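Undergrad: Okay, structure incoming, though there's no sequence with it:
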């Protein structure tokens, strides 16, 4: 009977999102002011899904990832309201002991700069083993060593190099080591914050191909945080566009990049991408700058930069326009009335 219940639970949970964020608001305190970092963020991630999260610097992408892990800076960052559910559990109601078991084991994160994640005084093998010591204590020393060797091989690093120190590796190799550390405990969700930033195109392609192989082998869901829409188009199944601490558009990669129906901000991001086949003399940057995060506008956060702004955009937040799972939060798409 116990086995039957477990099977029933798995069947019921199969359709539930792995991660669900609802109306999340996060504030930072800076120089006596409140920075409104996330403003009603809503997002779902399915098991095994590859989601690209894009937007300009300051949109709130990294803040969202840190909120999931409850790693916001102490006394500075605060989750004011909203909910984060992971595999059915309310993360904001859990103890720190629960979160310690979650971080690195069930949810891992790759940070932007690999050097901030590596201890220069320890060998890379020892640092990877530390993750297993914390999250997989039941494994023997030999089993841990074998798993480290296998993971290093998966990320393209010869196992015999595990006794070397971080300074002995190139930037691309360091990033591979960080990815190995993030995946060694076989997490269900990987938060990858700009994992290919500052890498040349060849190494970037190798890292993405490696992450794709690992995702297929481990069925790990991935949230890829990036400025690079080309990387999202190449790697992800679905894309969410962030502006002003909230999602302004989300859908499949095909829906969002088809240039059919798009949020004006999404179009602005795509118009900034160089096109080798285009005869245009120059790229079209998005006018203006990100809105002051210490001020909460009454209507759409993108209104002051939007080339198609209407009066209602400054007066009221747009509701979701949805077609076949493609969501756009813009008054241009059915939000003008009522």
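TA: Great, that's in hand. This is a predicted model, so every value here is computed, not measured.
Undergrad: if I look at the nearest residue to residue 183 once chain neighbours are set aside, how far off is residue 327?
TA: Spatial nearest neighbour of residue 183, excluding adjacent residues (Cβ to Cβ, 6 or more residues apart in numbering): residue 214 at 5.8 Å. C-betas here are computed from N, CA, C, even on glycine. Note on residue 214: its distance to residue 327, by Cβ to Cβ, to the nearest Å, is 29 Å.
Undergrad: that older thread, hmm, residue 156 and the residue nearest to residue 183 touching each other?
TA: No - using Cβ atoms under 8 Å as the test, residue 214 is too far from residue 156 to be in contact (10.9 Å).
Undergrad: more neighbours, those two?
TA: Counted by other Cβ atoms under 10 Å, residue 214 and residue 156 do not tie: residue 214 has more neighbours, with 21 against 16.
Undergrad: got the contact list for the more buried one?
TA: 154, 155, 179, 183, 220 (Cβ atoms under 8 Å, 6 or more residues apart in numbering).
Undergrad: Quick check: phi and psi at residue 24.
TA: Backbone torsions for residue 24, taken as degrees, to the nearest 10, come to phi -80, psi 130.
Undergrad: What residues are bridge-paired with it?
TA: Following DSSP bridges, residue 24 is listed with bridge partners residue 41.
Undergrad: Against residue 44, how distant is the spatially closest residue to residue 272 that is not a sequence neighbour?
TA: Closest residue in space to residue 272, ignoring its immediate chain neighbours: residue 283 at 5.6 Å, by Cβ to Cβ, 6+ apart. Remark: distance between residue 283 and residue 44 (Cβ to Cβ) = 33 Å.
Undergrad: Which one's more surrounded, these two?
TA: Neighbours per residue, other Cβ under 10 Å: of residue 283 and residue 44, the larger number sits with residue 44, 17 against 11.
Undergrad: wait, that one sits on residue 16?
TA: No - using Cβ under 8 Å, residue 44 makes no contact with residue 16, being 9.5 Å away.
Undergrad: which is the next helix or strand following the helix or strand where residue 51 lies?
TA: In this structure, residue 51 is located in strand 50-54 according to DSSP states H and E. Using DSSP H and E, the helix or strand that directly follows strand 50-54 along the chain is helix 61-68.
Undergrad: and that following helix, what does it pack onto?
TA: strand 19-30, strand 33-45, strand 50-54, strand 77-86, strand 189-193, strand 221-226 (3 or more Cβ pairs under 8 Å, 6 or more residues apart in numbering; DSSP states H and E).
Undergrad: from the chain's centre, how far out does it sit?
TA: Here helix 61-68 is found 8 Å from its chain centre; the criterion is Cα atoms, centre = their mean, to the nearest Å.
Undergrad: quick one, that helix and strand 77-86 angle?
TA: Here helix 61-68 runs at an angle of 70 degrees relative to strand 77-86 (axes from the mean of the first three to the mean of the last three Cα atoms, to 10 degrees).
Undergrad: if we can go back for a sec, partners of the strand holding residue 51 in the sheet?
TA: With DSSP bridges as the test, strand 50-54 pairs up with strand 221-226 (parallel), strand 238-243 (parallel).
Undergrad: Quick check: mean pLDDT of that strand?
TA: What strand 50-54 shows for mean pLDDT is 97.
Undergrad: Show me what that strand is in contact with.
TA: 45, 61, 64, 215, 221-227, 229, 231-232, 235-242, 253, 269.
Undergrad: rewinding a little: which of the helices and strands packed on helix 61-68 sits closest to residue 291?
TA: Shortest distance between residue 291 and the helices and strands packed on helix 61-68, using Cβ to Cβ, is found for strand 33-45: 9.6 Å.
Undergrad: Next, the buried residues of that closest one.
TA: Under the neighbour-count criterion of 16 or more other Cβ atoms under 10 Å, strand 33-45 has 35, 36, 37, 38, 39, 41, 42, 43, 44, 45 buried.
Undergrad: Which strands or helices does that strand pack on?
TA: Judged by 3+ Cβ pairs under 8 Å, 6+ apart, strand 33-45 is in contact with strand 19-30, helix 61-68, strand 77-86, strand 246-252.
Undergrad: and residue 328, what pLDDT?
TA: On the pLDDT scale, residue 328 gets 97.
Undergrad: Revised request: answer the last question for residue 26.
TA: 97.
Undergrad: doesn't residue 76 make contact with it?
TA: No - here residue 26 does not reach residue 76: they are 10.9 Å apart, not a contact under Cβ under 8 Å.
Undergrad: Those two: which has the busier surroundings?
TA: Per other Cβ under 10 Å, whichever of residue 26 and residue 76 has more neighbours is residue 26, with 23 against 11.
Undergrad: Much appreciated, bye for now.
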